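Novice: attaching a predicted model along with its sequence, questions to come.
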Amino acid sequence: MVDVQAHLPVLIVTVPLIGGILTIATGRGWKPWAWATFLTGTVFYFTIRLMMQVLASKTGMVSYELGNWPRQWGIEYRVDALNAFILLIVGGVGFITTIYAKLSVEKEIPADRVNFFYAVWVLAITGLLGITVTGDAFNVYVLLEISSLTVYALIAMGKDMHRGALTASLRYLILGSVGASFILLGIGYLMMITGTLNMQDMHDRLMSVPGILESRTVLVAFAFLLAGLGMKMAMFPLHMWLPRAYTYAPSAVSALLAATATKVGVYMAFRFLFTIFGVGFSFGMMPSGLVLLLCASAGILVTGVTAIRQTNLKRMLAYSSVGQLGYIVLGFALANLHGIAGSVAHIFNHAVMKGGMFMALGAVVYRTGRCDIRSVRGLGKQMPLTLAAFTVGGLGLIGFPLTAGFISKWYLVQGCLERPGGWPLAAVVLIGSLLAVVYTWRVVEAAYFQEPDPGTPPVEEAPLMMLIPMWTLIGASIYFGINATFTGHIALTAARSLLGGAP
Amino acid sequence: MTSVVLIDTVLLLLVTVTAIAIIEVRNLYTSAMLTSVYSLLMALVWVNMHSMDVAFTEAAVGGGISTILLIGTLVHTAREEKPLKVRVHWKAAVVTALTGAALIYGTFDMPRFGDPKAPIHHFRVPEMMAQTVGFVNGTKGKQAPPEGFDARAYRSFNGAVTSVPDDPKDTAWRETSVLAQHGIIVPEVLGSHPQHAEAGHHLHPPDDFNGHVPNSVTSLLAAYRGYDTMFETTVIFTAGVSLIMLLRRPRREGQAQKSAPLLDQTILRVVSKMSIPFILLFGLYVITHGELGPGGGFQGGVVIACAFILYALIFGRPALYRVLPPPVIDMLTGLGVLVYSGTGAACLLLGGKFLDYSMLDTVSPGEGEALGMTLVEYGVGITVSMVMLNIFNQLAEEESR
């Protein structure tokens, strides 16, 4: 039969593509969910094998030429430590959130469209995986279209469809389309000036053709890509779409998006800034390092304060996500080894922590039907495991030792201090952590030290189908906080290859 | 000023005027019709640039079906735009102005319009135009090279080749020499590409498509970058599925559907009855012959959808549902992408890489590439036509409520 090992990169994308379309034919009830779980589980297995293959290969890279066309003309899948790691995150979190989705989807999505919901869900994961696996600039854009369209649709399926979800989705659709067209313009300009779409080829041309880096076309392409990517990864101050989208989306969708969607946006920024333009151009010739550092620092501080003032907990976590994204941007904008390593590590750490926290909130919504700060009052006794998961996740956001958040913050502070005059940035990282203490504490206080509002019926602990995925992610955040060998090794390898230009 | 630039200037001025008119007109029906005019003008601009495939798509999608869908939307909204107080949103104005300025600024260092020495023409594309890509590395093609074939010269491909071989089917040779004679291939840039030195790595047959695909746009979209096109089709499919998921309400059984209001218009009925078969046939022709001339799955799919929409408009949707029941439309929507990705998977199962059409040679010897490309074009056509039809039906269904 087919040698799976040789085709891993393409199977990661085509299996969920074909399977996702077939989801529609699985009918109603539990079957679409089971099928989606099977698909995402298979994908997760493939991503693990691919990671092992990348780590074992001598070049540190796996290449797959689609249709057997030479990479210069066709499309190449190119997987190194960095995107194997992101693939692993998307595959793993995608699988775990799919398991989690069953109960909350039963409650929040009309029963007659569950099969369509899971089809779009699987296609969204397909899109995110496809962006990550490819080594071709235009292929990125095509898959970006798929992941964006599916995410708009998933958000619009939110429970209060006709109150908030549709407008939140429409807002995201407009801003997301603006961002995507900026990215398309950037890629188009680059193609015009380099004559190729392969990322590696583009990089070689930009480095070798004399005078090309000074040309105004490249300059404008860079500016458009930066703005477009900023919008897609919800970098402050281009994050306006995110809080509403996360707030009104169905619980499972919020968890999936928070853990994967913006992360893939950051990954695209890595590829465009480091692999295509090269660190010398992006952070040497251009002032983008400074701009990004300013945006990231402002983002960490402003969204931290905004998060404290929210009463809707989903919205609070959404603002916190923008802030945490600030750390990731801060890290790679430092453009030094530890900064980038911290950034890569934080992509993983934030994915598991925030994914777990959104799952915990989803469980609260499942039981109480609400997710404002009043609804968690006294829940610490009624839903101890759920609230404990939320608290541990919060500790991770703070960067408490023995959680994964600590590891990435450690790298980040190290990176800040390595930069000459970088101590104010280190201070920003620490102040951001203090803000995270405040907004996490508000929930902890309400859950453990306040009595439930009189008249609210007592609720049970969340069902196991929710607790297990939730604690898998939260458990991962503790495990990789204690034993950071794997994440640290990958993060440093990825950072080295990014700084060296190309894998 | 050459005539091409002159025509372009006039067309683009008209496009700009139309765009302003679309914004300024208060009547939404007029506005929708003007977008159709806009697309047709743009199609002419593309024709002027010799990109017939793009022009065809613009005319079919922009000028044709999107106008129908816009008018369908208008049924649910008012005919007139609400009068707005004219108020300048300064922030938006500044951002828009900056974006526009940046776009124009970027054009200063762009290669001149039509410059044969532009990177995009001389860096990778000549081999694509001459369709020698799959053959650059190996002589061990699935199919023997033509008689009198000088593999060494073919492989090095430095653009200096000027002789035309005897075999009239060997279009690649002709293209090469024509391109070289007109100085379109710049020899010094082509040189040799060390990256594809691995011998025998790429086993596509000599001129890639056995001389079947003279239209380089089709070979680009369906072969070299066929994987992108598969996902473009998936984008259309996603749009269709999202629409069903978000907007479709459960169909009530025995719901009285309005009889077709236009059925008593004899002229309309007779003319549409006469033209629908030909529209369908033309759609199929466009899909099948996309490799020879402008066209392909996207354009053909839209043309086919138009035929069904015309039928529904004149004879009523119940009549359309008798031909194509909604569940069948839904099924076909997914089937198109499945045909496309299934072709790719078949290549993989036959021992090649995903979408390596040369593997299909075992199914149809010597015609594998052509077979693969025809299959994927039909896949695109099925999904595009059915999604368009689905959108139309959805709009119409809302209206009859």
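Specialist: Nice, thanks for sending it over.
Novice: surely A:L498 and A:L82 touch.
Specialist: Yes. Applying CB atoms under 8 Å, one finds A:L498 in contact with A:L82, separated by 6.8 Å. Bear in mind the C-beta positions are built from the backbone N, C-alpha and C, glycine included.
Novice: now the common contact residues for the two.
Specialist: A:F270 (CB atoms under 8 Å, 6 or more residues apart in numbering or on different chains).
Novice: in what helix or strand does A:V62 lie?
Specialist: strand A:61-65 (DSSP states H and E).
Novice: centroid-wise, who is the farthest residue in chain B?
Specialist: Ranking residues of chain B by C-alpha distance from their mean position (CA atoms, centre = their mean) puts B:K85 at the top, at 40.6 Å.
Novice: quick revisit: strands paired with the strand holding A:V62, and their directions?
Specialist: Strand A:61-65 sits in its sheet next to strand A:76-80 (antiparallel), going by DSSP bridges.
Novice: hmm, who's touching the strand it pairs with?
Specialist: Applying CB under 8 Å, 6+ apart, the external contacts of strand A:76-80 come out as A:9-10, A:50, A:54, A:60-66, A:87, A:133-136, A:198-200, A:494, A:497, A:503.
Novice: hmm, try it at 7 Å
Specialist: A:9-10, A:50, A:54, A:60-66, A:133-136, A:198, A:497, A:503 (CB atoms under 7 Å, 6 or more residues apart in numbering or on different chains).
Novice: residue ranges with poor pLDDT in the chain?
Specialist: Going with chain A. In the prediction, chain A carries residues with pLDDT under 70 at positions A:1, A:160-162, A:501-503.
Novice: could you do chain B instead?
Specialist: For chain B (pLDDT under 70), the answer is B:1, B:114, B:116, B:124-214, B:250-261, B:366, B:398-401.
Novice: max-length helix in it?
Specialist: helix B:368-399 (DSSP state H).
Novice: what parts of the stretch 251-400 of chain B come near chain A?
Specialist: Within the stretch 251-400 of chain B, the positions adjacent to chain A are B:334, B:337-338, B:341, B:344-345, B:348-349, B:352-356 by CB under 7 Å from any CB of the partner chain.
Novice: go again with 6 Å.
Specialist: The stretch 251-400 of chain B has residues B:334, B:337-338, B:341, B:353-356 near chain A, with proximity defined as CB under 6 Å from any CB of the partner chain.
Novice: torsion angles phi and psi at A:R370?
Specialist: Backbone torsions of A:R370, given as degrees, to the nearest 10, read phi -140, psi 170.
Novice: and the residue nearest to it when sequence neighbours are not counted, what element?
Specialist: The shortest distance from A:R370 to any non-neighbouring residue, by CB to CB, 6 or more residues apart in numbering or on different chains, is to A:V364 (7.8 Å). Assigned by DSSP H and E, A:V364 belongs to helix A:337-368.
Novice: for whichever residue of the stretch 301-450 of chain A sits closest to chain B, which non-adjacent residue is closest in space?
Specialist: Nearest residue of the stretch 301-450 of chain A to chain B: A:V302, at 17.9 Å (CB to the nearest CB). What sits nearest to A:V302 in space, not counting adjacent residues and going by CB to CB, 6+ apart, is A:F236, at 6.6 Å.
Novice: so that neighbour sits in a helix?
Specialist: No. Assessed with DSSP: H, G, I helix; E, B strand; the rest coil, A:F236 is coil; it does not lie in a helix.
Novice: tell me who's in contact with it.
Specialist: A:295, A:298-299, A:322 (CB atoms under 6 Å, 6 or more residues apart in numbering or on different chains).
Novice: which one of those residues sits closest to chain B?
Specialist: A:C295 (16.0 Å).
Novice: re earlier: the residue of the stretch 301-450 of chain A closest to chain B looks like it's in a helix, true?
Specialist: Yes. Under three-state DSSP, A:V302 falls within a helix.
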